[in-house]
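J.: Have a look; sequence and predicted model below, questions after that.
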Amino acid sequence: MKTVQMGKSMDDKGVEKIRNIGFIAHIDAGKTTTTERVLFYTGRTHRIGEVDEGTTTTDWMVQEKERGITITAAATNCSWKNYQINIIDTPGHVDFTVEVERSLKVLDGAVAVFCAQGGVEPQSETVWHQADKYNVSRLAFVNKMDKIGADFFGCVEQMKQKLGANPLILQLPYFKNDEFYAIIDILKEKMAVYKDAEGIEFEYVDVPVDIQEDLTLYKEHLIETLAEVDDKIMERFVEGKEIPEPAIIAAIRKATLANKLVPVFLGSSLKNKGVQMLLDGICRYLPSPLDLKTVRGRDENNDTVERKITTQSSFCGLCFKVSTDPYVGKLNYVRVYSGKIKSGDYVYNAVRKVQERVNKIVRMHANKQQIIDEAFCGDIVCLLGLKKSKTGDTLCDSKDIITLEEMKFPEPVISMAIEPKVKADQEKLSYALKKLSEEDPSFYVGYDKETGQTLISGMGQLHLEIAIDRLLREFKIGVHVGKPQVAYRETITKKVSSVGKFIQQTGGHGQYGHVVIVIEPIESGDIEFENNIKGGAIPQEFIPAVKTGILEASKNGVLAGYPVTNVKVSLIDGSYHEVDSSSLAFEMAASLAFNDGLRKASAVLLEPIMKLEIISPLEYLSTIIGDLNSRRAKIYSIEDKSNVKLIRADAPLSELFGYADILRNISQGRGVYTMEPAYYAKVPENIAVKISGK
């Protein structure tokens, strides 16, 4: 590994004041409402928008305003006390989890928003683990403290149990006449009392005498928790010395950047309480781009390299999102990791191996654009003029090439057939679907050769509904859609060896390919290929063709034509002909061997299983359980939650189409549920026969 060392420039002082953060949470925890308050208190907007009224800044799409949910991750920015905060407000619905995935890939820090009443909910866990994957430093904001049944300490306890987090409580709630009244700052040992409904004015006052003892205990606990992860604090603590507030703040920041602690704030965004203190926490404790030190990638020789994050390094950035603006065309969202870039510059796409010109650079405020002349390391901007660059591509200086780690997206779990209502719109539909798939890597467009149908695939029914709605509103294309189809998979249940031969003699040069493979089931993953050829039975130049043949064959299984997964293929033997062997022959031989192996290895169908959480009043519990049992669900817990029941279960996706309407009917509109993909499981024999038609 080599590290590119560069000196520090004056520009880097500005970069130290940048915070690239995202708001992540379960649906309806209050991410967008919190973002709206952040924009208002920082002066970025002059009125507070509300989700229920469809007037928020970051929920700008028509579909978002109508449904009151975030669908696409919106980028914006603001300033707070000399800090520039770049914000991405991410969706909470599992169907749009790819928006969270690609946002966390380029963010330095995140604010996890939790509902004080709901606690750690299913999607809270999903986004938390996504943040774990990218090693993103986090703060927690326990929102909705004004709601009846709000349980701040219960939520913190769930963070420990469900997320494995190490929360550090920095604030305490204060209730007056059973209403959320003020926020106690443990470090200051003062209480913030708000003076106006908009939450603009507040003052710190002395803490009431009756809770002074509790405050002292929580301050001691905070110091003890900090001492466990910081040697300097431990030293002072053991010696009984007083620890000044700046030293505590520095230690909290250090532990937060190392993901050893998660500072916990609280408030009510809807009631305009606690957001300014959260902003202070974002600036104090979350990392600047320079705190990451280096970004890792590969050079032209595929060697691992590290590029120092500084304005003096060569330019390097990651395109993490593509969208289309009706007025300016294609927008490439780019996180600049090192160096700087100006309008008119040429950038090299290290993935596509092409040079592209940047016509304009804009800073986004939801769907509004502010033209800027140049962008520096740490910036999140949009580049206009790039024609071939796509999501996940690395952009860099052609004289200092680096390819950053690629982005991986989940496989779709649901498909449906689609066709235009008017035949003349077929070409327009193809163009529109191409645009949608460019914007959203979890939205797939395919073609069924047997039926001649165009298929769209995504992460859930809502995901596809939004795509169809966008076709009508944005592209003016009416479509007919078929019933949703489950994205089944095929796999094998035993280890077998298989032989594939492709021999043709047609006069002159023929074709000769011969391979022997072993296929065996593995726990998880797609197709794993291993070359175990010894003694040159197959020349090295034909090995890539063998792998290609196997991967192509794995796209269509032998039971019902579904993609094959969870299989390891080992190439162990074969033979070749000096004259007649070719890459095509070995590709065909490998494909034949793979299909033969599937038949011998007792192939089975797999179906996607969803994790369900249903909340319902007690009186509907037995009806809901009976309905779940009829849907092949496996119920693994029923818990009391406030005055309702929480049912946790796993169920096949194929049994859950239209479940929102069904639950609404059997619970008289009082039951709610969430679901997310959990794993793939074997389809029961009687159902597999119906699916495969065999």
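T.: Cool, the structure landed.

J.: I figured Ala112 hits Ile21, correct?
T.: No - with contact defined as C-beta atoms under 8 Å, Ala112 does not count as touching Ile21 (10.9 Å). In short, each C-beta sits where N, CA and C put it, glycine included.

J.: Those two: who's more crowded?
T.: Ala112 (27 against 23; other C-beta atoms under 10 Å).

J.: can I assume Asn82 is in contact with Ile18?
T.: No - with contact defined as C-beta under 8 Å, Asn82 does not reach Ile18; the gap is 11.0 Å.

J.: so Ile243 touches Asp230, yeah?
T.: No - Ile243 is not in contact with Asp230 according to C-beta under 8 Å; the separation is 10.2 Å.

J.: between the two, who's got more neighbours?
T.: Using other C-beta under 10 Å, the more surrounded residue of Ile243 and Asp230 is Asp230, with 22 against 16.

J.: Can I get the one helix or strand Met364 maps to in CSV, CA atoms only?
T.: Per DSSP states H and E: Met364 is located in strand 360-365. Listed next in CSV are the C-alpha coordinates belonging to strand 360-365 (Å, rounded to 0.1, in the frame of the first residue of the first chain):
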residue,chain,number,x,y,z
LYS,A,360,-21.4,23.7,-14.3
ILE,A,361,-21.2,23.1,-10.5
VAL,A,362,-24.3,23.6,-8.4
ARG,A,363,-25.0,23.4,-4.6
MET,A,364,-28.4,21.8,-4.1
HIS,A,365,-31.1,23.0,-1.7
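
J.: More neighbours: Asn82 and Ile18, which one.
T.: For Asn82 versus Ile18, neighbours defined as other C-beta under 10 Å are more numerous around Ile18 (21 against 8).

J.: I'd like to know the phi and psi angles of that one, please.
T.: For Ile18, the backbone dihedrals (degrees, to the nearest 10) come out as phi -90, psi 140.

J.: Could you list everything it pairs with in the sheet?
T.: Gln84 (DSSP bridges).

J.: Okay, and the beta partners of Ile341?
T.: Taking DSSP bridges, one finds Ala375 as the beta-bridge partners of Ile341.

J.: do you know how far it is from Gln369?
T.: According to C-beta to C-beta, to the nearest Å, Ile341 stands 16 Å off from Gln369.

J.: ok, these two, which is more surrounded?
T.: Of the pair Ile341 and Gln369, Ile341 is the one with more neighbours under other C-beta under 10 Å, namely 24 against 19.

J.: For Asp379, see how far away that one is.
T.: In terms of C-beta to C-beta, Ile341 sits 9 Å off from Asp379.

J.: now swap in Phe265 and tell me
T.: Phe265 sits 26 Å away from Asp379, going by C-beta to C-beta.

J.: Repeat that for Ile503.
T.: Here the criterion is C-beta to C-beta. By it, Ile503 lies 59 Å from Asp379.

J.: More neighbours: the two, which one.
T.: For Ile503 against Asp379, the residue with the higher neighbour count under other C-beta under 10 Å is Asp379, and the figures read 24 against 14.
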